[in-house]
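[1] Need a 3D model of the following:
(one chain, ligands or ions: 3)
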Amino acid sequence: MPAVVVLGAQWGDEGKGKATDQLAARTDYVVKFNGGNNAGHTVVVAGEKYALHLLPSGILTPGVVPVIGNGVVVDLEVLFQEIDALEQRGVDTSALLVSTAAHVIPPYNRTLDKVTERFLGKRRIGTTGRGIGPTYSDKINRIGIRVQDLFDEHILTQKVEGALDGKNQLLVKVYNRRAVTVEETVEDLLQYAERLRPHVADTPLVLNRALDEGKTLVFEAGQATMLDVDHGTYPFVTSSSATAGGACTGSGVGPTRIDRVVAVAKAYTTRVGEGPFPTELLDEDGEWLRTTGGEYGTTTGRPRRTGWYDAVVVRYAARVNGLTDLVLTKLDVLTGKEKIPVAVAYDVDGRRVDEMPADQSDFHHAKPVYEYLDGWTEDITGARTFEELPVAAQRYVEHLEQISGVRVSSIGVGPGREATVVRHELLD
Ligand code: GDP
Ligand code: IMO
Ligand code: MG
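    Numbers count the residues shown, from 1 in each chain. Ligands and ions are numbered 1, 2, ... in the order given. The predicted model follows:
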């Protein structure tokens with residue numbers, strides 16, 4: 001029984017939630033290993049739409065144990081809002097496990113995320129404003145608050161004091177905000193402790209035992225390769241490891257236990273927030289992709305930036321993640337376009353570059369070198385086998401497979417759970 005990582009090949013919102021949800025029917029555990037409620041996964045089950053942020057997408061499948069791993073940052077208020085909203089819709093969330101070592105997002109980090117962005121002005125990252133960056137900074141800086149700290153008021157108070165020493169200086173002297181008191185922060189965090197207690201577990205132990213017993217585990221990434229703090233378009237990235245290695249450090253499972261690494265990629269490209277994006281379209285084609293693809297953020301509602309498929313990006317994702325399979329989503333969105341451009345290389349200041357530039361300045365200057373593939377006009381939303389796709393759509397997929405260097409195992413032809421063409425099973 002395999003352990004499979006599902007992650008994003010591009011800049012997020014590729015449809016990881018749908019892919020994970022689909023695998024969940026044959027999975028015992030779904031583990032979120034990075035990020036927090038900056039993520040937004042839309043899953044459509046029997047026409048019902050669910051927007052998940054902090055909870056792993058496996059939560060919608062009865063019998064699956066959803067796990068929030070140690071690599072995640074948890075906003076407790078958001079966690080319980082999300083749990084309550086799902087429970088009201090009849091979803092049982094009682095099996096959820098949360099790592100003792102996951103960090104919590106204290107309210108002051110939400111404030112700091114927003115004021116830092118405001119002060120950055122033109123140099124802003126375009127964060128989701130959820131306190132993600134400051135909380136990961138605290139973790140690395142060793143002044144973070146962890147889930148286990150909520151169960152010892154003395155330790156919690158000490159840690160909050162330690163963190164606020166420096167942060168209040170920043171808030172008051174640099175950002176002109178009021179100081180935050182230790183008492184209000186401790187009180188805010190403690191209100192969730194008893195409700196959280198039954199979910200808290202030594203998740204690395206639970207997951208390794210599950211693997212010993214031959215269970216199936218899916219590790220679900222938030223964000224994506226190009227937003228990874230090491231491998232993405234730094235500094236226009238999130239603050240966690242969204243690539244395959246993050247599944248290990250963020251869950252406490254060793255790399256020898258992972259069987260497959262699956263990336264989800266859209267049949268075109270989108271990005272939210274600031275930062276370079278070589279195939280971005282600022283014309284009517286871009287607007288057409290946004291409207292046809294419903295490209296508005298699940299978390300912030302921001303219009304997503306849109307562009308054509310970029311094989312340099314996906315090849316890079318194949319390399320840094322050691323991909324075994326690609327899930328290609330939203331092929332249906334491209335229906336009706338006569339010719340579909342796909343980027344196969346870049347032109348960087350007059351030079352042809354076939355691989356992702358290692359230097360960010362080069363990436364900022366990269367202009368796509370396009371190939372133009374034939375489009376199709378037939379409605380493909382009802383296709384359930386590869387042969388049911390129009391020949392031009394089949395050729396499009398095969399060509400993407402070839403230029404991206406990884407096999408396309410599954411193809412999305414609509415938002416619903418069932419709207420998928422499977423070419424190779426991902427859990428065999
Ligand atoms: P995630 O963050 O990677 O889970 O992706 P999001 O949920 O933020 O964005 C993907 C959007 O595309 C969601 O609204 C999905 O319902 C939708 N979606 C996923 N796969 C397909 C597909 O194959 N076709 C269409 N039309 N929509 C899809
Ligand atoms: P899912 O899991 C798309 C982007 C933000 C911003 C940058 C840093 O749904 O694919 P942060 O708040 O993380 O410090 O913001 O990262 N970003 C995402 N973009 N999908 C996401 O998640 C994202 N999570 C963060 O827009 O540019
Ligand atoms: Mg999303």
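
[2] For Val72, name its beta-bridge partners.
    Gly35 (DSSP bridges).

[3] Just to check, it is in contact with Lys32?
    Yes. Counting by Cβ atoms under 8 Å, Val72 does reach Lys32; the two are 5.5 Å apart. Where you see a C-beta, it was placed from the backbone N, CA and C, and this is true even at glycine.

[4] and for those two, which residues touch both?
    Leu54, Gly222 (Cβ atoms under 8 Å, 6 or more residues apart in numbering).

[5] Counting neighbours, go ahead and name the busier of those two.
    Remark: of Val72 and Lys32, Lys32 carries more neighbours, 32 against 29, as counted by other Cβ atoms under 10 Å.

[6] tell me the contacts of the more buried one?
    Lys32 makes contact with Leu54, Leu55, Pro56, Pro66, Val67, Ile68, Gly69, Val72, Glu220, Gly222, according to Cβ under 8 Å, 6+ apart.

[7] Within the sheet, what are the partner strands of whichever strand or helix holds the fourth one, with directions?
    Just to be clear, that refers to Pro66. Counting by DSSP states H and E, the element that carries Pro66 is strand 65-68. Strand 65-68 has its sheet partners listed here by DSSP bridges as strand 29-32 (parallel), strand 97-99 (parallel).

[8] So which of those is nearest Val421?
    Closest of these to Val421 is strand 29-32, at 22.7 Å (criterion: Cβ to Cβ).

[9] For Gln394, which non-adjacent residue is spatially closest?
    Phe386 (6.4 Å; Cβ to Cβ, 6 or more residues apart in numbering).

[10] List the contacts of that neighbour.
    Gln394, Val397, Ile411, Val421, Arg423.

[11] so how many other residues sit close to the last one?
    Translated: Arg423. With other Cβ under 10 Å as criterion, Arg423 counts 15.

[12] how close does it get to ligand 3?
    Distance, Arg423 to ligand 3, using Cβ to the ion, to the nearest Å: 24 Å.

[13] quick one: which of the contacts of Lys32 is nearest to Val369?
    Gly222 (31.2 Å).

[14] Gly322 contacts Ala244, correct?
    Yes. Counting by Cβ under 8 Å, Gly322 does reach Ala244; the two are 6.1 Å apart.

[15] who's more crowded, these two?
    Ranked by neighbour count (other Cβ under 10 Å), Gly322 and Ala244 place Ala244 first, with 23 against 14.

[16] Roughly how far does that one sit from ligand 3?
    Taking Cβ to the ion, one finds Ala244 at 19 Å from ligand 3.

[17] who are the neighbours in contact with that residue?
    Val5, Leu7, Ile258, Val261, Val320, Asn321, Gly322.

[18] among those, which two are most distant?
    Greatest spatial distance in the contacts of Ala244: Ile258 and Val320, 14.6 Å, computed using Cβ to Cβ.

[19] mind listing the helices for the stretch 301-428 of the chain?
    In the stretch 301-428 of the chain, the helices defined using DSSP state H, counting those that start in this stretch lie at 311-321, 360-365, 391-404.

[20] Report how many residues lie close to Val182.
    There are 18 residues near Val182, going by other Cβ under 10 Å.

[21] same check, this time on the one 3 residues further on
    Other residues near Thr185 number 22, with proximity taken as other Cβ under 10 Å.

[22] Where does it fall, secondary structure wise?
    helix 182-190.

[23] One more: Ala263?
    Element membership for Ala263, per DSSP H and E: strand 260-266.

[24] and the helix or strand following that strand, what does it pack onto?
    Downstream of strand 260-266, the first helix or strand assigned by DSSP H and E is strand 269-271. In this structure, strand 269-271 makes packing contacts with strand 305-307, judged by 3 or more Cβ pairs under 8 Å, 6 or more residues apart in numbering; DSSP states H and E.

[25] starting at the chain centroid, how far to the strand it packs on?
    Strand 305-307 sits 17 Å away from the centroid of its parent chain (Cα atoms, centre = their mean, to the nearest Å).

[26] That one and ligand 1, any residue contact?
    No. Shown here: strand 305-307 not in contact with ligand 1 (Cβ under 6 Å from any ligand atom), separated by at least 12.5 Å.

[27] same for that strand, what does it pack against?
    Contact here means 3+ Cβ pairs under 8 Å, 6+ apart; on that basis strand 305-307 packs against strand 269-271, helix 284-293.

[28] Tell me the strands beside the shortest one, with direction?
    Partner strands for strand 269-271, per DSSP bridges, with pairing direction: strand 305-307 (antiparallel).

[29] No further queries at this time; thank you.
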